[in-house]
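K.L.:
Could you look at this predicted model? Sequence included:
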Amino acid sequence: MGQAPTYGGINRRRAAKSPHPGPAVMRAGKYLSVVCLFFGAAFAAFVSGSLEQRIGNLFCFALIPAVGVYVGGRVLGQLLVFGIELCDVIMTRCSRYAVRLASDLLSWTDSHVSSWLNSRTKPSQRNSHPRSSQLAASNDDGFRT
């Protein structure tokens, strides 16, 4: 009583294990090639004509489309698998680069902010400023002009 209804031939555990569309495209190519073979054979068998014409129809409407669909499914499936792996590699490298960039930015900001805060808070550094030493040297009496 506690289970949800399952629908038809959907195997949810198997679908959860393989989220990539490549194997599904390869399976679809296999099934569609079998469908092409059956429809092409039926077409060649039920269309009137000589034996040579039926064999030609079998090649034109069954074997050639079935091989094309099968090979196309395999190639497209392999390209999808390769594309997903390539995207994973690109995403990994970009995230590593972003982490390194953020770390470098934070260390650069930390060094500049800490040096700025140190220069603002230490009174001994105020007198060692080049501009203040020029003012002190020009005025020996201590009054500003």
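P.N.:
Noted; the coordinates are in hand.

K.L.:
by contact count, what packs against the helix or strand hosting T109?
P.N.:
For T109, the host element (DSSP states H and E) is helix 64-121. When contacts are defined as 3 or more CB pairs under 8 Å, 6 or more residues apart in numbering; DSSP states H and E, helix 64-121 sits against helix 21-46. C-beta coordinates here come from the backbone N, C-alpha and C atoms, glycine included.

K.L.:
got the angle for the helix it packs on vs helix 64-121?
P.N.:
170 degrees (axes from the mean of the first three to the mean of the last three CA atoms, to 10 degrees).

K.L.:
For the following helix or strand past helix 21-46, buried residues please.
P.N.:
Using DSSP H and E, the helix or strand that follows helix 21-46 in sequence is helix 51-58. Of the residues in helix 51-58, R54, N57, L58 count as buried by neighbour count, 16 or more other CB atoms under 10 Å.

K.L.:
Now render those residues as a markdown table, adding pLDDT and distance to S115.
P.N.:
Output for these, formatted as a markdown table (pLDDT from 0 to 100; distance: CB to CB, whole Å):
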| residue | pLDDT | distance to S115 |
| --- | --- | --- |
| R54 | 89 | 89 |
| N57 | 89 | 85 |
| L58 | 90 | 83 |
